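**Student:** Whatever this is, show me its structure:
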Amino acid sequence: MSDPESPSADRSGGSIRSSIHALSGAIAFLTRIPVPGPAEADFEAFRRSPWAMPIVGAVVGAIAGAAFFLPLPWPTVVAVYLLAVYLLTGVTHADGLADLGDAIAAHDPERRREALRDAGVGVGGVLALVVTLFALAFGAAGLASTPSMIAPVAFRIALAAEIGAKLGMATLVCLGTAAHEGLGSRLIDVSGKRALVPSGVVALFAVVGVPSDVLPAAFAALLAGPVVAVVLLVRTRSWLGGVSGDVLGAANELGRALAIHAGVIAWTIA
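**Tutor:** Now for the predicted structure:
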């Protein structure tokens, strides 16, 4: 039995406390779920722990995905799912998507950076929001109305999609270069490529225990988020000079929508 006052016990206790702070910070940063405790200490722990992002994705995905078990008409199930997603996550990430849409609509890097700083929403932002929301709604409709898809399968895909969306954010944090100083840079500047490994390992729990016939759909949903992140990582280097907080938010929204469709497609063609 180890001495509770030994250095190893102190390190273990400190690691546990740090992990709890990181999870609290991740929940506070990525959702609207109220979290008690020292906000700054939680955020400091979270920004050094990208692995906490997929865990928050599991929480959001499990709660929102439970909508597919409801004995209601499929349009109502879709509405409940969408309502749950945005009640849990708020509009911060959607705002990032809108800002990125406005930036992409601009014609040169300087105007794109100005669009990110502008609090208003232009045509590009509105288009990005509307298309992504419709894509998510139609994907959720596929989960709820596809004849061969039972509720547990739809739940698994929705869960993997949310975890994958958060893994996409972690991918940008670990592999990206900050476009400018701000909230995004506080996350990006302290994480390196190696931090992506534990994030990926945590995300793989999305497919633990998944039946073999559901596995392709769950994997497709899980991997869609990182794919979106890599595309944004490459494109934002020329568009914006790197990754910003808005890009992180956009990756979450785009990753979720694409992931739902990827899961439905993989299920129907398997």
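**Student:** How about residue 253, nearest residue that isn't a chain neighbour?
**Tutor:** Distance criterion C-beta to C-beta, 6 or more residues apart in numbering; nearest residue to residue 253, sequence neighbours excluded, is residue 97 at 4.4 Å. C-beta coordinates here come from the backbone N, C-alpha and C atoms, glycine included.
**Student:** Same check on residue 76?
**Tutor:** According to C-beta to C-beta, 6+ apart, the nearest residue to residue 76 is residue 70 (7.5 Å).
**Student:** check contacts around that neighbour.
**Tutor:** 76, 77, 80 (C-beta atoms under 8 Å, 6 or more residues apart in numbering).
**Student:** Just the buried residues of the helix or strand harbouring residue 235, please?
**Tutor:** Using DSSP states H and E, residue 235 maps to helix 215-239. Residues of helix 215-239 classed as buried by neighbour count (16 or more other C-beta atoms under 10 Å): 216-229, 232-233, 236, 239.
**Student:** That helix - what's its average pLDDT?
**Tutor:** Helix 215-239 comes out with an average pLDDT of 94.
**Student:** Pull the number of nearby residues for the residue nearest to residue 253.
**Tutor:** The local packing of residue 97 (other C-beta atoms under 10 Å) involves 25 other residues.
**Student:** quick one, the helix or strand containing it and helix 215-239 angle?
**Tutor:** Residue 97 is part of helix 92-105 when elements are defined by DSSP H and E. Helix 92-105 runs at 50 degrees relative to helix 215-239, counting by axes from the mean of the first three to the mean of the last three C-alpha atoms, to 10 degrees.
**Student:** related to what we said a few turns ago, check contacts around the residue nearest to residue 253.
**Tutor:** With the criterion set at C-beta under 8 Å, 6+ apart, residue 97 makes contact with 125, 128, 129, 132, 246, 249, 250, 253, 254.
**Student:** what's near enough to touch the third one?
**Tutor:** Same thing as residue 129. Listed by C-beta under 8 Å, 6+ apart, the contact set of residue 129 reads 94, 97, 98, 101, 121.
**Student:** Put together TSV for those, with distance to residue 42 and pLDDT on each row.
**Tutor:** Below are the contacts of residue 129 laid out as TSV (distance: C-beta to C-beta, whole Å; pLDDT from 0 to 100):
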residue	distance to residue 42	pLDDT
94	23	92
97	25	94
98	27	90
101	31	88
121	30	75
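**Student:** Excluding sequence neighbours, find me the nearest residue to residue 264.
**Tutor:** Here the nearest residue to residue 264 in space, its sequence neighbours aside, is residue 142; by C-beta to C-beta, 6+ apart that works out to 3.9 Å.
**Student:** List the contacts of that neighbour.
**Tutor:** 149, 260, 261, 264.
**Student:** And the furthest pair within these?
**Tutor:** For these, the farthest-apart pair by C-beta to C-beta is 149 and 261; their separation is 13.2 Å.
**Student:** Determine the three-state secondary structure at the residue lying closest to residue 157 once chain neighbours are set aside.
**Tutor:** Leaving aside its chain neighbours, residue 157 sits nearest to residue 263 (3.5 Å; criterion: C-beta to C-beta, 6+ apart). Of the three states, residue 263 takes helix under DSSP: H, G, I helix; E, B strand; the rest coil.
**Student:** My read is that residue 263 contacts residue 214, right?
**Tutor:** No. Using C-beta atoms under 8 Å, residue 263 is not in contact with residue 214, being 9.3 Å away.
**Student:** who has more neighbours, those two?
**Tutor:** Neighbours per residue (other C-beta under 10 Å) separate residue 263 from residue 214, with residue 263 holding more: 32 against 21.
**Student:** And the more buried one, what's its pLDDT?
**Tutor:** 98.
**Student:** Could I get the contacting residues of it?
**Tutor:** Residue 263 neighbours (C-beta under 8 Å, 6+ apart): 143, 157, 158, 160, 161, 217, 218, 220, 221, 224.
**Student:** about what we covered before: now list whatever residues contact both of residue 263 and residue 214.
**Tutor:** Common neighbours of residue 263 and residue 214, counting by C-beta under 8 Å, 6+ apart, are residue 157.
**Student:** For the residue most central in space within the chain, which non-adjacent residue is closest in space?
**Tutor:** Centroid check for the chain by C-alpha atoms, centre = their mean gives residue 166 as the closest residue, at 2.6 Å. Of all residues not flanking residue 166 in the chain, residue 57 sits nearest, at 3.3 Å (C-beta to C-beta, 6+ apart).
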